[in-house]
Each structure stands twice: as structure tokens, then as C-alpha cells.
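# got a structure for you, letters missing:
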């Protein structure tokens, strides 16, 4: 019963979040899963793999949402960064390397902080953000596909 309530609460938060808040939640999730995976390095390989896989899914999703036309140079730079991050996460998983996981977290934190600032300012005006440009239906489908 408690798990159902938590799941419903999360779904409501996601459904009512602005696009900026959704991106922030995704960054928070990726960082959380990577930090949790750090605790499993050298201890519980199965849990580490699950946590790293969840972070990879989030990064892949963020990359798939980039609007390369409207996002311009920022979108292209994020795309390259996401490629690098996914390679590093995969290598870290294979090598059981906490240093590589920490590097990825250090790369994600400033971007996460920038999104937090955007959310704090409450900017709901259209802006040249690197995400978006997909139909409402496609975005809701993607949200479901990213459940971790």
C-alpha cells in the first residue's frame, strides 16, 4: 500500500511539472543513481549494474530530447557531453571504477545547478532551451519510457 502511494505521488509530481522541472528531476535522478552506485562499487555488483543502468537510461533520454535545430550550439555541446558521459559510465561499470563515476557526477552537477536556477526563477516563457520541439504526445510517451 505504501509503495503504491509513493508511486502515485511521483507520477503526480512528474505530470504536473514544467518542462524545466522535468529536466531538473532527470538530472537529480541520474546523479542520485550514480552516487548510490558508488556505494556498491566493490560490494554488490548486481545493485551497481542496476543503478548505473538507470543513470544511463536517464542520460539517453535527455540526449534523445535535445532539439538540435532550436538548441543550436548548446544542444550540440550537450549531445557530445552525453556521448562522453555514457562511455565513461559504461567504462566505470565494466572496470568497477569509482573515480570515473565521480567524474561523471562532477560533469553533471553544474548543469543540474543551472536547471535548478532556471526553475527557481520560474521562467515559463518560451526560450532557446536545448530541449523540446516534440509533440505533447511524444513527450508523455517518453516520460513513461524513462521510468526507473
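Here it is on my side, so go on. Computed from a predicted model, the values in this text were never measured in an experiment.

# C-alpha from now on. contacts and neighbour counts both.
Will do.

# which stretches of the protein have low pLDDT?
1-2, 5-16, 123-148 (pLDDT under 70).

# Go through it and flag its longest helix.
Longest helix in the chain, counting residues (DSSP state H): helix 68-95.

# Next SSE downstream of it?
helix 98-121 (DSSP states H and E).

# Identify each buried residue in that following helix, please.
By neighbour count on 16 or more other Cα atoms under 10 Å, the buried set for helix 98-121 is 98, 100-102, 104-105, 108, 112, 115-116, 119.

# now swap in stretch 30-39 and tell me
Those would be 30-35, 37-38, for stretch 30-39 by 16+ other Cα under 10 Å.

# what's the closest of the residues you listed to residue 57?
Nearest to residue 57, judged by Cα to Cα, of the buried residues of stretch 30-39 is residue 30 at 8.6 Å.

# How about that closest one: what's its closest non-neighbour residue?
Counting by Cα to Cα, 6 or more residues apart in numbering, residue 55 is the residue found nearest to residue 30 once chain neighbours are left out, at 4.5 Å.

# Quick check: the gap between the one you found and residue 118.
Computed as Cα to Cα, to the nearest Å, the residue 55 to residue 118 distance reads 22 Å.

# again with residue 30
Separation of residue 30 from residue 118 (Cα to Cα) stands at 18 Å.

# again, but for residue 46
The value you get for residue 46 to residue 118, if Cα to Cα is used, is 36 Å.

# count of neighbours near residue 69?
12 (other Cα atoms under 10 Å).

# same thing with residue 24?
For residue 24, the neighbour count with other Cα under 10 Å is 22.

# go on, the one 3 residues further on?
Counted with other Cα under 10 Å, residues neighbouring residue 27 total 24.

# ok, now which ones touch it?
When contacts are counted by Cα atoms under 8 Å, 6 or more residues apart in numbering, residue 27 touches 58, 108, 112.

# and residue 60, how many residues sit next to it?
Residues lying near residue 60 (other Cα under 10 Å) number 17.

# Okay, and it sits in which element?
helix 45-64.

# so residue 96 makes contact with residue 42?
Yes. Contact criterion Cα atoms under 8 Å: residue 96 and residue 42 qualify, at 6.8 Å.
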